[in-house]
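Undergrad: Okay, structure incoming, though there's no sequence with it:
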């Protein structure tokens, strides 16, 4: 017998998701890495060790349901779910393509809903579970050109609270982590686009959009988000539910 928990982390082949997976593995848990890129998910699992990669489109319900059931069949249950998968598209509202709006909201908001929907029965059966939704500081503070992203991230907060309320007497907590600017490929790719939209340099875009509003004036490390997720999944956080935890360096 083993006491290691089974943790699902979506979008875990790279960036914040990878760091969260690594933090749980360092905590003695097993991590199912759900990612749209199957090769990347498998590669990440091999690097991390006590993990397995799965190809999952979080916006596709049959795919999500099958993947969660596969994990339960292989591991017995799901103890922790971290909804991290996300993407960004930058455009003024009047020019925002509808298909990009749908894509951002499908991955972030619908994906969070679908994974939660299909992981909850296993958690309810064992009367214990932790659900952690990775929102963003943009889940409480708007930013120009990110209407779909902000809408989805604000939406995650409302969904978190309803999930927490419905499961408060079932031994299950649900919380949101709101990261600030984290040192990831996502931010590195955003900067030239933001600079172009503003007609500024990349450095000016970094200071205006990313670090300008932040108190400690540095990019956060992905491991800092991972450490917070591990805490929220711990027994010590059993009374924390329906909350938004900012890990933002002051914003």
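TA: Ah, there it is. On a predicted model such as this, the values are computed, not experimentally measured, just so you know.
Undergrad: Pull the contacting residues for the closest residue to residue 233 other than its chain neighbours.
TA: Nearest residue to residue 233 in three dimensions, chain neighbours excluded: residue 130, at 4.2 Å (Cβ to Cβ, 6 or more residues apart in numbering). (Glycine included, C-beta is placed from N, CA and C.) Contact partners of residue 130, counting by Cβ atoms under 8 Å, 6 or more residues apart in numbering, are 79, 80, 81, 172, 173, 174, 232, 233, 237.
Undergrad: same thing with residue 3?
TA: Contacts of residue 3 (Cβ under 8 Å, 6+ apart): residue 28.
Undergrad: What is the three-state secondary structure of it?
TA: coil (DSSP: H, G, I helix; E, B strand; the rest coil).
Undergrad: Let me know the distance separating it from residue 193.
TA: Distance of residue 3 to residue 193, computed by Cβ to Cβ, to the nearest Å: 46 Å.
Undergrad: can you check residue 239 too?
TA: 42 Å.
Undergrad: any idea of the mean pLDDT in stretch 48-61?
TA: Taken as a whole, stretch 48-61 has an average pLDDT of 98.
Undergrad: List the buried residues for that stretch?
TA: Across stretch 48-61, burial judged by 16 or more other Cβ atoms under 10 Å covers 48, 51, 52, 53, 54, 56, 57, 58, 59, 60.
Undergrad: ok, the residue nearest to residue 250 when sequence neighbours are not counted - contacts?
TA: In this structure, residue 250 finds its nearest non-sequential neighbour in residue 215, 2.8 Å apart by Cβ to Cβ, 6+ apart. Residues counted as contacts of residue 215 (Cβ under 8 Å, 6+ apart) are 249, 250, 251.
Undergrad: So which of those belong to helices?
TA: Of the contacts of residue 215, none are assigned to helices by DSSP state H.
Undergrad: Return the item of the residues you listed having minimum pLDDT.
TA: residue 251 (78).
Undergrad: Give me the spatial nearest neighbour of that one, chain neighbours excluded.
TA: Using Cβ to Cβ, 6+ apart, the closest residue to residue 251 is residue 137 (4.8 Å).
Undergrad: I appreciate the help and will end here.
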